[in-house]
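*Asks:* Give me a model of this one.
(2 chains)
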Amino acid sequence: MNRIDKTFETLRQKKEKALVGFITAGDPNISDSFSIIKAMCKSGLDILELGVSFSDPTADGPAIQRSSARALKDGINLRAVLEITGRLRQETSMPIILFSYYNPIYAYGAKAFYKDALAAGADGVLVVDLPPEESDEMTSQWSGNELALIRLIAPTTPLKRMAQIAQSASGFIYLVSKTGVTGSEGLDTEDIKDKIELLRSATRLPICVGFGISTADDVAAIASVADGVVIGSAFERLIEDNLNNPDLASILANKVNEFKKATKIKDSVTL
Amino acid sequence: MRHNKAVNNKYNQDKFPDSKGHFGLYGGRYVGETLMPALLELDEAYNKIVPDPGFQDEFKRLLRNYAGRPTPLFYAKRLSEHLDGAFIYLKREDLLHTGAHKINNTLGQALLARRMGKKKLIAETGAGQHGVATATAAALFGMECRVFMGTEDIQRQSANVQRMKLLGAEVIPVTSGTMTLKDAMNEAMRFWVEAVRDTFYVIGSVAGPHPYPVMVRQFQRVIGNETREQILRRTGGLPAVLIACVGGGSNAMGLFYAFMDDPLEMIGVEAAGKGIETGKHAATLGQGTVGVLHGSKSYLLQDENGQIKEAHSIAPGLDYPGVGPEHSLLKDFKRIQYVAIDDEQALEAFHALCVLEGIIPALESSHAVAWAMIEAKRRPKNEIIVVNLSGRGDKDLGIVSAYNK
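*Replies:* Predicted coordinates for the structure are as follows:
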């Protein structure tokens, strides 16, 4: 069983939901980034989404835009992200998902990317701006199917399309909580609950919800209906507010810990 | 000799794009899932509504009675005589309402938006001409309009900012990145992801995800259709060469498309900025590599890691590190030749057209004029060059006077 499936299986047994943490690799700089992510991994994160920075992140709000800019300024690129992935793999058996725009992968070469990502110990990839209509050109160059292709389902996705997307997805489904960029406000838990119910009719994959989840209360609310909760901007804002704080790694670790507690719900809907 | 070389590369326009918007390797729809259903809906609406005779009638009526079509094809006699070479004709898109070819497209898209029941328009703008043209269409149809514009461009194209505000549009300053057209487009796309359910995104060039490159080409092809008819009627023959500036490439595609099967050369003029060798330019087709930006695959100015590079041009409308996907394919086909003109050459052409013809051209169009001046001198005197004078230069007086200081 691969690391992603195993993680959800273990969580199911422990009656917990997955805490999925997005963090921009190389933020606030490449050397500190590794220790911050390592500390987060050891503090309760279940799945790591490692962000590959792109100069023009059109799906991201200000917090992740600025985190990408900081990482790029320190010279981050896909090759360096894969190096960080490899070093993290020495430390943890947690699933690592590479979260990228398509252009850095296209520039790297889809074939080399598949090989190098697997060798580094990555478990999956989510390419924000590569819808199913365009993704053959990437996956057709892959020499196998060991890398999970995480798919996005949006609030605007009709049911029929949900089913089509779910068919080509693996690992888990990333349900976008609302229209808008990452980190936007206005989480509507009732609406998300309806969407999840609909989505469950189209897939048996675990469903993780992301975009605009920023507090432990949000996490608890989403965890009661989904299989996992994705946090991104909230972590990046914390980095930004503590750029010169020597305790940055432990601040992030504490936040992970706080969120993780909120995913342990006794009477949650069982998977 | 060059003539024959170009003719051999027949570009079969009926083959491109395919149903998913691919121009060979280029084009496509590289957007987040939130936008995909909107693009599919737009594609369906575009294919159903635009060919409808009722739509076409209304569109043509607006182009004639509101925008001021057909635009004249003007023989630039003094400029041609001054150069002592081929005849230069100017397609006067600068005479259109709002001062540039952009209005052709915004009227088409706003009309489509209205038929789709969308009452809010958004647009990105660099030089401000597309912003003004979108604000104008919005006012005409009683729609809400928001225009995203980089603060660098807001500063250097302030007259257009005032015009947009007078027309009732909200101009949203974009402070991210290079604060120019690329970042305005990033921000417009971010806004659209949020407001996609009730907002129509009016893209200003033959760029962006499918169906925009096809749709904008369709609304702009009137330029070439008119020009072809006008030049045949006036001279009894076809020109030897067509010249247009290329930022995203809408005015070039608009002029060239009607001539695709004709035995003539086409030249797209990109911005060489401060000089290709300085790296401060916007010569995407000349210097770029293939990648994905703003929803489609095309040539881009980028580094080896796929990070987009800063573009530079004195002409804000050319100051963009990408280009429309069909231009990328036409470059590979060698059907269109792409060249570059630097800031200074463009300014020289700007002044030449002012004093020799009494026409103040936009700095973007001045790039095309500058190449035509080079081309005219090396061609026989019986050949005809048609230049797309895509816009007027009233907006550029600040840049020009600052440069001369």
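
*Asks:* who's in contact with the residue of the stretch 101-250 of chain A found nearest chain B?
*Replies:* In the stretch 101-250 of chain A, the residue that lies nearest chain B is A:A107 (3.0 Å; CB to the nearest CB). (Each C-beta comes from the backbone N, C-alpha and C, glycine too.) A:A107 is in contact with A:78, B:291, B:302, B:304-306, counting by CB atoms under 8 Å, 6 or more residues apart in numbering or on different chains.

*Asks:* Which residue comes closest to the residue in chain B positioned nearest to chain A once chain neighbours are left out?
*Replies:* At 3.0 Å from chain A, B:G306 is the closest residue in chain B, using CB to the nearest CB. Nearest in space to B:G306, with sequence neighbours left out and distances taken as CB to CB, 6 or more residues apart in numbering or on different chains, is A:A107 at 3.0 Å.

*Asks:* and the one you found, what element?
*Replies:* helix A:102-108 (DSSP states H and E).

*Asks:* Can you name the element that comes right after that helix?
*Replies:* Next element after helix A:102-108 (DSSP H and E): helix A:110-120.

*Asks:* Next, report how far that next one is displaced from the centre of its chain.
*Replies:* How far helix A:110-120 lies from its chain's middle: 18 Å, per CA atoms, centre = their mean, to the nearest Å.

*Asks:* Which residues belonging to that helix are considered buried?
*Replies:* A:110, A:113-117, A:120 (16 or more other CB atoms under 10 Å in any protein chain shown).

*Asks:* Widest-spaced pair of these?
*Replies:* Farthest pair in those (CB to CB) is A:A110 and A:A120. Separation: 15.5 Å.

*Asks:* ok, then the element right after the helix or strand where B:L330 lies?
*Replies:* Of the helices and strands defined by DSSP H and E, B:L330 is found in helix B:325-332. The helix or strand immediately downstream of helix B:325-332 is strand B:337-342, counting by DSSP H and E.

*Asks:* angle of that next one against helix B:325-332?
*Replies:* 110 degrees (axes from the mean of the first three to the mean of the last three CA atoms, to 10 degrees).

*Asks:* Run through the neighbouring helices and strands of the helix or strand following strand B:337-342.
*Replies:* Remark: after strand B:337-342, the chain's next helix or strand is helix B:343-357, criterion DSSP H and E. Under the contact criterion of 3 or more CB pairs under 8 Å, 6 or more residues apart in numbering or on different chains; DSSP states H and E, helix B:343-357 touches helix B:77-83, strand B:265-273, helix B:363-377, helix B:397-404.

*Asks:* Excluding chain neighbours, what is closest to B:Y201?
*Replies:* B:W192 is the one closest to B:Y201 (CB to CB, 6+ apart), at 4.7 Å.

*Asks:* quick one: contacts for the one you found?
*Replies:* B:35, B:38, B:122, B:199, B:201.

*Asks:* Could you measure from A:N257 over to chain B?
*Replies:* 31 Å (CB to the nearest CB, to the nearest Å).

*Asks:* circling back to that earlier point, how much space is there between the residue nearest to B:G306 and B:N305?
*Replies:* 6 Å (CB to CB, to the nearest Å).

*Asks:* ok, now B:L112?
*Replies:* 38 Å.

*Asks:* where does chain B have low pLDDT?
*Replies:* B:1-9, B:405 (pLDDT under 70).

*Asks:* Spatially central residue (nearest the centroid) of it, please.
*Replies:* B:S250 (3.0 Å; CA atoms, centre = their mean).

*Asks:* hang on, the earlier thing: identify the contacts common to A:A107 and B:N305.
*Replies:* A:L78.

*Asks:* picking up where we left off before, put together JSON lines for the contacts of B:W192, with secondary structure, distance to B:I314 and neighbour count on each row.
*Replies:* Listed next are the contacts of B:W192 as JSON lines, based on DSSP: H, G, I helix; E, B strand; the rest coil; distance: CB to CB, whole Å; neighbours: other CB atoms under 10 Å in any protein chain shown:
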{"residue": "B:L35", "secondary structure": "coil", "distance to B:I314": "33", "neighbour count": "25"}
{"residue": "B:A38", "secondary structure": "helix", "distance to B:I314": "35", "neighbour count": "21"}
{"residue": "B:I122", "secondary structure": "strand", "distance to B:I314": "27", "neighbour count": "25"}
{"residue": "B:T199", "secondary structure": "strand", "distance to B:I314": "33", "neighbour count": "19"}
{"residue": "B:Y201", "secondary structure": "strand", "distance to B:I314": "28", "neighbour count": "26"}
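
*Asks:* The spatially most central residue of chain A: which element?
*Replies:* Per CA atoms, centre = their mean, the C-alpha nearest to the average position across chain A is that of A:E49, at 3.6 Å. In this assignment (DSSP H and E), A:E49 forms part of strand A:47-51.

*Asks:* which ones are touching the nearest residue to A:G210 once chain neighbours are set aside?
*Replies:* Excluding the flanking residues, the one nearest A:G210 by CB to CB, 6+ apart is A:V230, at 3.0 Å. By CB under 8 Å, 6+ apart, A:V230 lies in contact with A:20-22, A:49, A:174, A:208-211, A:213.

*Asks:* repeat for B:R378
*Replies:* B:G85.
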